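[1] can you look at this prediction? I've put the sequence above it.
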Amino acid sequence: MDKKAKQILLKTFWSSQGWKDRPYVYEGEDFVYAKSKGMMFDPLTIHHDEAVRQIVGLHEQVTKEKVAKAFLHSLSTRKIHLRSALASWVLTRQFVQHSFESNAGRYTAPANGVAYAMYGDCYVCDSYHIAGLESYTDEDMNVLNFERHKWGGVRLNYLPYVLQDLQLMSKEPELELEVTVADVAIWRQVLAAIESCEPTDAARQLEKRLAGLFPSSKNERDAFMEILASAGILATTKDRPGRGGKNDFFAVVNWRGEDGYSRQAVQDLFGTWM
């Protein structure tokens, strides 16, 4: 990774005071440099169907083993931009080519009255927990990559983010994704921390238990838990409607300590190292 390009990306959106006003247009010498290094991008205009086609195709290049290795490799190295591909891969592992299908008027299933979860505007994408719109015009891919490098990803189920995440992972040299004994030890400690939670503990209590296990900030640990939830590892075992409370969590919002972690998902994704 080009360190100068990364700094250009980060400084475009962030200062010591927090978020900066987003540029209306990306231009100038710094942008050209960061773009040449694959760190910043021109705005993306793409139709839903083409984005889905590309994601399906990327699964032929990005393997389960690669995203798992990248995730583990990130633990001791703090290369947090490598983590969210695990969620992007799992969310779309069963993705099939489909045309945009509006979910308008499909809030419930008439047969049984079950509430229908809407993530975006596409009925099919909703079934994969993906937020898909019919089309995207001048989509800002730079802020998505900024969030990926700053915290490990924020809009994890947003169709353009999933597309970008898998595209960038496809370009990562696999030989550089070495999983060390330290990485595996950290991962085992993470799983032990999850198991040690009290039955009523929520994500915030888990976040505090994760502090000190691997190099991270509070916001990075929040993103870490969201990735685990999106990847089916922090999976809820009970329906807990309305248990979200006041927080910024999304995928992990209804997880509780009594849910533990999915041993099946851990074995599926990380069995090679367990």
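    Done, it's in.
[2] that's a helix at residue 225, yeah?
    Yes. Counting by DSSP: H, G, I helix; E, B strand; the rest coil, residue 225 falls inside a helix.
[3] show me what contacts the closest residue to it other than its chain neighbours?
    Spatial nearest neighbour of residue 225, excluding adjacent residues (CB to CB, 6 or more residues apart in numbering): residue 252 at 4.8 Å. In this view, the C-beta of every residue, glycine as well, is placed from N, C-alpha and C. By CB atoms under 8 Å, 6 or more residues apart in numbering, the contact set of residue 252 is 203, 225, 226, 228, 229, 234.
[4] and the pLDDT for residue 116?
    Per-residue pLDDT puts residue 116 at 50.
[5] apologies, that question was intended for residue 75.
    Residue 75 is given a pLDDT of 97.
[6] a helix runs through it, doesn't it?
    Yes. Assessed with three-state DSSP, residue 75 lies in a helix.
[7] how many other residues sit next to it?
    26 (other CB atoms under 10 Å).
[8] and of the contacts of residue 252, the nearest to residue 64?
    Closest approach between the contacts of residue 252 and residue 64, by CB to CB: residue 228, at 15.6 Å.
[9] measure the closest one to residue 136 for me?
    27 Å (CB to CB, to the nearest Å).
[10] looking at the two, which is more packed in?
    Ranked by neighbour count (other CB under 10 Å), residue 228 and residue 136 place residue 228 first, with 27 against 21.
[11] any chance you could map the strands in the stretch 1-150 of the chain?
    14-15, 18-19, 44-47, 108-109, 114-115, 135-139 (DSSP state E, counting those that start in this stretch).
[12] got CSV for those, with distance to residue 126 too?
    Listed next are the strands of the stretch 1-150 of the chain as CSV, based on distance: least, CB to CB, whole Å:
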stretch, distance to residue 126
strand 14-15, 32
strand 18-19, 30
strand 44-47, 18
strand 108-109, 12
strand 114-115, 12
strand 135-139, 17
